[in-house]
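Asker: Quick one, fold the following:
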Amino acid sequence: EHINELRHEVESIKKEYDIMNNANNQLKIRVRELEGNVGSYESVTNKSSVTITALQHEIKEKQEQLLELQSRIRTHMEERETSERKTEGLNKKLHELFSQLNIIFGADCGVPTPAALENLKTK
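Answerer: Okay, here's the model as predicted:
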């Protein structure tokens, strides 16, 4: 009877061992899956870091281009304003010259236009 009890106990231990062995195998499989996921996550993280770095570089280049364009626009606007002031000054001088010509010729030479200049040449 003691032998039967021992056999029964051995059988119970074998079953418990099989259950624990299966659980252990399942845990090993799960650990391998998780390690694979970690590798995938690391890969995604590395790719994301590379993408972020590339985007930051591109943003920096675009900001530099923007600053260059803004500088060129400012220069263009300053040149335009200078040209407009110069044109206004030349128009004022032209009107003054036409006024003096009106006094000299004693006639109305008209408004300073290309046609009026041609008329003056023929007089």
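
Asker: Name the helix or strand for Ser12, please.
Answerer: helix 2-105 (DSSP states H and E).

Asker: pLDDT (mean, whole number) over that helix?
Answerer: For helix 2-105, the mean pLDDT works out to 93.

Asker: Run through who's touching stretch 54-68.
Answerer: By Cβ atoms under 8 Å, 6 or more residues apart in numbering, the list of residues contacting stretch 54-68 from outside is empty. C-betas here are computed from N, CA, C, even on glycine.

Asker: Please compute how far that stretch lies from its chain's middle.
Answerer: Taking the mean C-alpha point of stretch 54-68 and that of its whole chain, the gap between them comes to 6 Å (Cα atoms, centre = their mean, to the nearest Å).

Asker: can you check stretch 52-61 too?
Answerer: 8 Å.

Asker: Over to stretch 27-36?
Answerer: 41 Å.

Asker: go on, stretch 33-49?
Answerer: Using Cα atoms, centre = their mean, the offset of stretch 33-49 from its chain centre is 28 Å.

Asker: Likewise for stretch 69-81?
Answerer: So, by Cα atoms, centre = their mean, the centroid of stretch 69-81 is 23 Å from its chain's centroid.

Asker: For stretch 46-64, list the C-alpha coordinates in CSV.
Answerer: Extracted in CSV, the C-alpha atoms of stretch 46-64 (Å, rounded to 0.1, in the frame of the first residue of the first chain):
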residue,chain,number,x,y,z
ASN,A,46,15.5,54.4,-34.7
LYS,A,47,13.6,55.1,-37.9
SER,A,48,11.6,57.8,-36.1
SER,A,49,14.8,59.4,-34.8
VAL,A,50,16.3,59.5,-38.3
THR,A,51,13.1,61.0,-39.7
ILE,A,52,12.9,63.6,-36.9
THR,A,53,16.6,64.5,-37.5
ALA,A,54,16.0,64.8,-41.3
LEU,A,55,12.9,67.0,-40.7
GLN,A,56,14.8,69.2,-38.3
HIS,A,57,17.5,69.6,-40.9
GLU,A,58,15.0,70.4,-43.6
ILE,A,59,13.2,72.9,-41.3
LYS,A,60,16.6,74.6,-40.6
GLU,A,61,17.3,74.9,-44.3
LYS,A,62,13.8,76.3,-45.0
GLN,A,63,14.2,78.9,-42.2
GLU,A,64,17.6,79.9,-43.7
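
Asker: Please consider this matter closed, and thank you.
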